[in-house]
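[1] quick one: sequence plus predicted model below, questions after.
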Amino acid sequence: MSRSASEPPIPGLAPFASLSWSIPGLREDPTMCLRCRSAQLLCGKPVCPILLKYRAFAQTLPMVDGRDLSGTSPPAVFVGRFGYPSVAVGPLLSPEHGSTEVMDTPEEWVGRSVAEVVGFRTGLVRGTTRLRVTDAERPIPMLEEMQLLGIAAESVESEAHFRRPPRGHLSLSDSTPPFGPSAPIERVRLDVRRVDPHLDRLTSDTDANARLAVGELYDRGVRVSRIQRAFSIGTLGRRGRRRLVPTRWSITAVDDLLSKQNLETVRDLPEISEIRVHRLTALDNRWILVFLPGAYRYESIEAWYPNTLWNPDPTQIVIMGDHEGFEGRTTYASIGGCYYAARLATSEALLRWGRQSGVVVLREVHPGEILPLGVWNVREHVRAALRTPAETCADLKELETLIAGTFAIPIDRWRRSSAVLHEARTQRRLDDWIPAAAS
């Protein structure tokens, strides 16, 4: 989906022409970094060369003095994925006392700057201990405390002793929000005084499988980020099947499960009768959400400008996307967790409206996207876009005019990249013939 060498230069890219990256294989496959996003190291280097330039941030992180820390947890826990099924697990702790809940509540980060979000997260110190994922079933005392932390309803006073002073390393991921220094933890005391009653009840229900538990919590209004936390630390599911789930995986798993649950209802709803559009600009991302008449189908497309985080090419815009039809998809989306996060947010809107439709999520990422903030960035900003007043378009031509007036990338690039918009342009519906037959 990348621009070929034969296409004319795109206006506004001249400032990037002097920049270059030495990344093996990028010239042959300009989508490589976008597909990898540091998770698979497709370029063959031992460390992601793009993220290396952000190591300087680590030097400015607030350091914990010595091996002891007294403060609060928002509450928050983190489960790593490297070494699976033996993973690094631990609480995220702030040296501050008092309410720190906002530091791990993505639902409250919309409207804040990148600096604010990174400030929340780099103030959290990660303690780690290595456990097997099956230890969630019969937890050691330290894991029991962390599981209680995972269902806490408010900030938790904490004291920790580390094996060595935490090191200032900034962890960056496109799936999970960043956090600050980390160190192996030897002892931790977590003073959990109040737990979420819904999470507590489902934790005690060892007959409900994880899918049902996640769905029930969502139906009862528990925030998605809290469900993801409880799911990750292994407090949900049937007896004998509970597992620690890496945070990166739990975020996408919960988004996927909940959107599928929503869509079971959406597919039986009447169709919308007009083209609806919602727009938003935030954190140098431009969003257009399109809802088309007809049966449910879904598509999410991301366009990354040169010199953005996952597109280091100095001149080419890279566009990638995935789509699914009425029955959904059976393979993992190539653009990763962002696909499922946007699908959850748009399925919520369809339920509120009591309608089904075709859905197209278009995201244009400009160079101001300097740090990966996590999948929450997509879920919460799509939700925010859907809170803006809807615009309507009389036809696809008017829709394309609106897209062209909002995005910097030419409309023909979006046309070629979108399967759902292509289908809407070329496939006639039965309704198209009814007026002619009636006359």
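    Happy to help now that I have it. Numbers count the residues shown, from 1 in each chain.

[2] helices or strands next to the lengthiest strand in the chain in the packing?
    Ranked by residue count and defined by DSSP state E, the top strand of the chain is strand 182-191. If contacts are counted by 3 or more Cβ pairs under 8 Å, 6 or more residues apart in numbering; DSSP states H and E, strand 182-191 sits against strand 86-93, strand 125-132, helix 141-150, strand 156-162. All C-beta spots, glycine's among them, are computed from the backbone N, C-alpha and C.

[3] count of residues packed around residue 119?
    Using other Cβ atoms under 10 Å, residue 119 has 14 other residues around it.

[4] for it, which residues are in contact?
    Listed by Cβ atoms under 8 Å, 6 or more residues apart in numbering, residue 119 has no contact partners.

[5] not counting sequence-adjacent ones, nearest residue to residue 87?
    Among residues not flanking residue 87 along the chain, residue 80 sits closest, at 5.1 Å (Cβ to Cβ, 6 or more residues apart in numbering).

[6] thinking again about what came up before, now tabulate the helices and strands packed on strand 182-191 in JSON lines and tack on mean neighbour count.
    As requested, those are exported to JSON lines (neighbours: other Cβ atoms under 10 Å):
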{"stretch": "strand 86-93", "mean neighbour count": "24"}
{"stretch": "strand 125-132", "mean neighbour count": "21"}
{"stretch": "helix 141-150", "mean neighbour count": "20"}
{"stretch": "strand 156-162", "mean neighbour count": "20"}
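
[7] what about the chain, any weak spots by pLDDT?
    1-28, 43-65, 168-179, 309, 370-371, 428-439 (pLDDT under 70).

[8] can you map out the helices along it?
    32-36, 55-58, 114-122, 141-150, 197-204, 210-219, 224-232, 247-266, 337-353, 376-385, 396-406, 411-417, 419-426, 430-438 (DSSP state H).

[9] what residue spans form the domains of this protein?
    58-195, 199-265, 275-432 (automatic domain parsing).

[10] center of this protein - which residue?
    residue 375 (1.3 Å; Cα atoms, centre = their mean).

[11] hang on, the earlier thing: can you say which of the helices and strands packed on strand 182-191 is nearest to residue 247?
    strand 86-93 (9.6 Å; Cβ to Cβ).

[12] so the closest one versus strand 125-132, what angle?
    Using axes from the mean of the first three to the mean of the last three Cα atoms, to 10 degrees, the inter-axis angle of strand 86-93 relative to strand 125-132 is 150 degrees.

[13] and strand 86-93, how far from the chain's centre?
    20 Å (Cα atoms, centre = their mean, to the nearest Å).
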